[in-house]
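J.: Coordinates for the following, if possible.
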Amino acid sequence: MGLIPQHFIQDLLNRIDIIDLIDSRVPLKKAGANYKACCPFHGEKTPSFNVSQTKQFYHCFGCGINGNAISFLMEYDRLEFPDAVEELASSIGLEVPREEGNDNRPKIDNSLYDLMSKIASFYQQQLRSANGKAAVNYLKNRGLSGEIAKHFGLGFVPEAWDSLEKLFGSFAKNPKLKQQLIDCGMLIQKDGDSSRVYDRFRDRIMFPIKDKRGRVIAFGGRVMGDGEPKYLNSPETPIFHKSNELYGLHQARQANRNLARILIVEGYMDVVALAQFEITNAVATLGTATTATHIQQLFRTSRELVLCFDGDKAGRNAALKALEHGLPQLREGREIKLMFLPDGEDPDSMVRKVGKDKFEQLVERSHSTFDFLLKYLSSQVDLDSVAGRGQLVHLAKPYIEKITDPVYRELFTQSIAVASGLAIDKIESLLSNSTNNITGKQTATKPTYQANHNSGIPQDANKPNKASNKSVQLAITLLLQQPTLGLSINGYDWLLSLNSSGPKILHEILEIIHKNPNLSSGALLEYWREKPLYARMSQLAIAEREEKIRGNEAQELQDCIQTLLKEARNHRLSTLQNKSMEQGLSSSEKAEYQQLLLLSKQ
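T.: Numbering: from 1, shown residues only. You can find the predicted model right below:
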């Protein structure tokens, strides 16, 4: 949840009507008690996207996607969780509060976004003015049209040291404004004299860098001649963290509702040049290597990432570094490919040389992650020798350990086994010497937890009976679908005495419901967003119930609670019996034992 208070999130979800939110983006039609539409997240002709006003929850029976109002904004508008909350809050005039004392980061001054937007407009105006004639000619010589320049908001900054002061007025009269421009990286203070400042960017083509919401957060500037540095980026600021941002991602999302593939390149000019050739799915890192955060963000938008590198040794080393961040994030439905360009070429020069169709063919022929790794690692050793084959296994080991998906992990391990001539179980044995599982955590001495295949709720190895398992699943399902049912259940702390974790989750749900009596299904699910159980809870929230349960949900919940209460009593009875044999019971325990014994016979 970050620093946004949970109570605010619940209040926000209670105030938002998911029907209004989704209908503003995807036209909905009434269908019985719910609303329907063709799913915006996968292609279909027959509507299978259902939205429940009662539950404040959506679910597609075609692709399985589901969630609440926050989830919808995250998926449809491609926003991170905090941005989705901000967007929802602003739509109803609320300001998102932040919890005090849990974060050392400086509070963001939202007026910085307004300043950056004004500066971007100023640079664009300068490009269109007489001052920008040389810059316009430069862009034309690079094959860029005025339309593309406008689409990306390209601009020009004059050679003067005080362009921003001319734009905003005397800094001496407005020291707060001067400090804000320093904070957002647009002004530099002269050494030893805090009263004197000058523009960071001068005589450059300007590329505004936008965040996922389309707000200008930084700039990149390119010289038109032989000056150095060729590219100059904004420094880290309260609103710009270059290891988290990607140039062109906002534009790519706007141009493509469903981005099947994203091409990651090195420079702004590569992104803009590719867009000139109607290749609108490219983004660029901002002077940094591809980070784990970059890959995580991009996989939220697309299933296939193609990383473009130079074909030299440095390019291959960069590819290996990127894979260190990418391998842990691979799983079913996700793919990372690698594209290597000829020496001396970049995407900008390459697309102008070969054209759109040929360039896209090169992208199609990109190397898969595991094919590249196997080929590269094999090239580093002599596979005709025993020593070389052994070395291959050792070289592959750190990459295998980073693969968290069990299927990908086993398939790549098999490939290494075939290439090295070593049995796959021997390789797995070598891996297990350094780690007991894919997360590196020691688990052998800890209590064993297994997935209950009936309920999907984890339970201890000391399993309760089948009736208990079924009751836990049904009770959780009923409460997720109709939270107000839980208000009829009181005095439920005894659930914590049961060994399995299912009843403890049920207890947690009841606690939440009693503290928030008007909770919807969508709001209740929000409590598990950052937890491993979120996906399973979402499934239970839309699970079909047996015909006999419909209309009898309250009684069914009571029956589930009684089944679990009986198990809790039996568990306590067993505990007292054992204690009686080992050390004897107190008078109060004897009375409790007799009462439980009577109840067990009823």
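J.: For the closest residue to Ser234 other than its chain neighbours, give me phi and psi.
T.: For Ser234, ignoring the flanking residues on the chain, the nearest one in space by C-beta to C-beta, 6 or more residues apart in numbering is Ala218 at 3.6 Å. The way it works is simple: take the backbone N, C-alpha and C, and place the C-beta from them, glycine included. The phi/psi pair for Ala218 (degrees, to the nearest 10) reads phi -170, psi 180.
J.: Quick one: neighbours of Ala218, just the number.
T.: 25 (other C-beta atoms under 10 Å).
J.: can you check Val271 too?
T.: With other C-beta under 10 Å as criterion, Val271 counts 29.
J.: Over to Phe81?
T.: When neighbours are defined as other C-beta under 10 Å, Phe81 has 17 of them.
J.: what stretches of the stretch 501-602 of the chain score poorly on pLDDT?
T.: Counting by pLDDT under 70, the stretch 501-602 of the chain contains low-confidence residues at 547-548, 585, 599-602.
J.: Glu95: how many residues sit nearby?
T.: Using other C-beta under 10 Å, Glu95 has 10 neighbouring residues.
J.: go on, the one 4 residues further on?
T.: For Glu99, the neighbour count with other C-beta under 10 Å is 13.
J.: so what's Gln6 up against?
T.: Residues near Gln6 by C-beta atoms under 8 Å, 6 or more residues apart in numbering: Tyr527.
J.: list the contacts for the residue nearest to Ser234?
T.: Ala218 makes contact with Met116, Gly185, Pro208, Ile209, Asn233, Ser234, Thr237, Ile239, Phe240, Lys242, Glu245, Leu286 under the criterion C-beta under 8 Å, 6+ apart.
J.: elements contacting the longest helix that the chain contains?
T.: Of all segments of type helix in the chain, defined using DSSP state H, the longest is helix 553-582. Here helix 553-582 is seen to pack against helix 466-481, helix 587-600 when contacts are counted using 3 or more C-beta pairs under 8 Å, 6 or more residues apart in numbering; DSSP states H and E.
J.: Distance from the chain centre to it, please.
T.: Going by C-alpha atoms, centre = their mean, to the nearest Å, the spacing between the C-alpha centre of helix 553-582 and its chain's C-alpha centre is 41 Å.
J.: May I have whichever strand or helix holds Asp11 as PDB, with CA atoms only?
T.: According to DSSP states H and E, Asp11 maps onto helix 6-15. What follows is the C-alpha trace of helix 6-15 in PDB, where atoms were taken according to Å, rounded to 0.1, in the frame of the first residue of the first chain:
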ATOM      1  CA  GLN A   6      -5.700   2.000   4.200                       C
ATOM      2  CA  HIS A   7      -8.700   3.800   5.600                       C
ATOM      3  CA  PHE A   8      -8.500   6.400   2.900                       C
ATOM      4  CA  ILE A   9      -8.400   3.700   0.200                       C
ATOM      5  CA  GLN A  10     -11.500   2.100   1.600                       C
ATOM      6  CA  ASP A  11     -13.300   5.400   1.900                       C
ATOM      7  CA  LEU A  12     -12.300   6.200  -1.700                       C
ATOM      8  CA  LEU A  13     -13.700   2.900  -3.000                       C
ATOM      9  CA  ASN A  14     -16.900   3.500  -1.100                       C
ATOM     10  CA  ARG A  15     -17.300   6.800  -2.800                       C
END
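J.: Buried residues, it. List them.
T.: If you call a residue buried by 16 or more other C-beta atoms under 10 Å, then helix 6-15 has these buried ones: Phe8, Ile9, Gln10, Leu12, Leu13.
J.: could you measure the third one against Arg409, distance?
T.: This points to Gln10. Using C-beta to C-beta, to the nearest Å, we find Gln10 at a distance of 39 Å from Arg409.
J.: before we move on, what about the first one?
T.: Note on Phe8: its distance to Arg409, by C-beta to C-beta, is 40 Å.
J.: which residue sits closest to Tyr113 in space, ignoring its chain neighbours?
T.: Arg215 (4.8 Å).
J.: Wait, the one you found touches Ser117, no?
T.: Yes: using C-beta atoms under 8 Å, Arg215 and Ser117 qualify as a contacting pair, with a distance of 7.2 Å.
J.: before we move on, the earlier item: could you report the separation of the residue nearest to Tyr113 from Asp11?
T.: The gap separating Arg215 from Asp11 is 25 Å, by C-beta to C-beta.
J.: Please apply the same query to Leu73.
T.: Applying C-beta to C-beta, one obtains 17 Å for the distance of Leu73 from Asp11.
J.: Can you get me a residue count around the residue nearest to Tyr113?
T.: A count of nearby residues for Arg215, using other C-beta under 10 Å, gives 19.
J.: so what's it up against?
T.: Under the contact definition (C-beta under 8 Å, 6+ apart), the residues listed for Arg215 are Tyr113, Met116, Ser117, Ile239.
J.: Tell me where the stretch 201-350 of the chain has helices.
T.: Assigned by DSSP state H, counting those that start in this stretch, the stretch 201-350 of the chain shows helices spanning 249-255, 268-276, 292-301, 313-326, 347-364.
J.: what about the longest one, average pLDDT?
T.: To tie it back to what came earlier, the one meant is helix 347-364. Within the predicted structure, the mean pLDDT of helix 347-364 is 96.
J.: same thing with the shortest one?
T.: The pLDDT scores in helix 249-255 average 89.
J.: and if you look at the fourth one?
T.: The predicted model assigns helix 313-326 a mean pLDDT of 89.
J.: and the angle for it with helix 292-301?
T.: Helix 313-326 and helix 292-301 are oriented at 70 degrees to each other (axes from the mean of the first three to the mean of the last three C-alpha atoms, to 10 degrees).
J.: OK, contacts around Leu263?
T.: Each residue near Leu263 by C-beta under 8 Å, 6+ apart is listed here: Leu274, Ile279, Asn281, Ala282, Val283, Val306, Cys308, Met339, Pro347, Val363.
J.: Ok, Phe240 next?
T.: With C-beta under 8 Å, 6+ apart, Phe240 has these contacts: Cys184, Gly185, Ile209, Ile217, Ala218, Ser234.
J.: With adjacent residues omitted, what lies nearest to the third one?
T.: Which is Ile209. Once its chain neighbours are removed from consideration, Ile209 has its nearest residue in Ala218; the separation is 4.2 Å (C-beta to C-beta, 6+ apart).
J.: Check the gap between the one you found and Leu274 for me.
T.: Noted for Ala218: a distance of 21 Å to Leu274, by C-beta to C-beta.
J.: With Glu44 instead?
T.: Plainly put, Glu44 is 30 Å away from Leu274 if you go by C-beta to C-beta.
J.: what's the neighbour count on the closest residue to Gln297 other than its chain neighbours?
T.: The shortest distance from Gln297 to any residue other than its chain neighbours is 7.0 Å, reached at Leu246 (C-beta to C-beta, 6+ apart). Leu246 sits with 27 neighbouring residues when counted by other C-beta under 10 Å.
J.: now do Gly287
T.: Counted with other C-beta under 10 Å, the burial measure for Gly287 works out to 15 neighbours.
J.: Just the pLDDT for it.
T.: Looking at Gly287, its pLDDT stands at 81.
J.: distance of Glu556 from Ala475?
T.: On the measure of C-beta to C-beta, Glu556 and Ala475 end up 8 Å apart.
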